[in-house]
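Enquirer: based on what follows, work out the 3D shape:
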Amino acid sequence: MSSPADVILTDLLDHAGGLGLGILPAIDHAGAHLAHPASIVVPSRLRVWAVLLELRMDRVCGFDVRPLNAYRWHPQAAKIDLEGEPHRVLSAPFEVTDINLTRRLRAAAVRAAEAAEAAAAETEATKA
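Expert: Residues are numbered from 1 along each chain as shown. Modelled structure (predicted):
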């Protein structure tokens, strides 16, 4: 690019709260290499909401699978059709995080500009 971008447009959002496809490292990279301190990101904000659920199954194809319920937890987010899953809602919806992506992009751009200035000053000092 001949000049930094004024707008960074991203589609790195997924069903795992928007964080599963690496949007934060991508924003950091764009801020450091593609943007300037006044650039913006679209979307500019990422808000993640959650609700606590209890998911249990009693029978599958006539088999008693209740002993397997203890092993249903998985460390990754998964897309679940709750209309087809027996479940119990344990909490009201709550906000997990609110990330200002434009602020993050601009901070990365400022850090990169400061690092470039420091490197230029050091290069100039070694020439003198």
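Enquirer: which of the residues in the longest helix anywhere in the chain are buried?
Expert: Ranked by number of residues, the top helix in the chain under DSSP state H is helix 101-127. Residues of helix 101-127 classed as buried by neighbour count (16 or more other CB atoms under 10 Å): 101-102, 104-109, 112. Where C-beta positions appear, they are placed from N, C-alpha and C, glycine not excepted.
Enquirer: one more: stretch 80-87?
Expert: By neighbour count with 16+ other CB under 10 Å, stretch 80-87 contains no buried residues.
Enquirer: tell me the mean pLDDT for it?
Expert: On average, the pLDDT along stretch 80-87 is 81.
Enquirer: name the element the residue most central in space within the chain belongs to?
Expert: A centroid search over the chain (CA atoms, centre = their mean) returns Leu19, at 2.5 Å, as the residue closest to the centre. Assignment of secondary structure by DSSP states H and E places Leu19 within no helix or strand.
Enquirer: show me what the longest helix of the chain is packed against.
Expert: helix 23-33, strand 35-42, strand 45-50 (3 or more CB pairs under 8 Å, 6 or more residues apart in numbering; DSSP states H and E).
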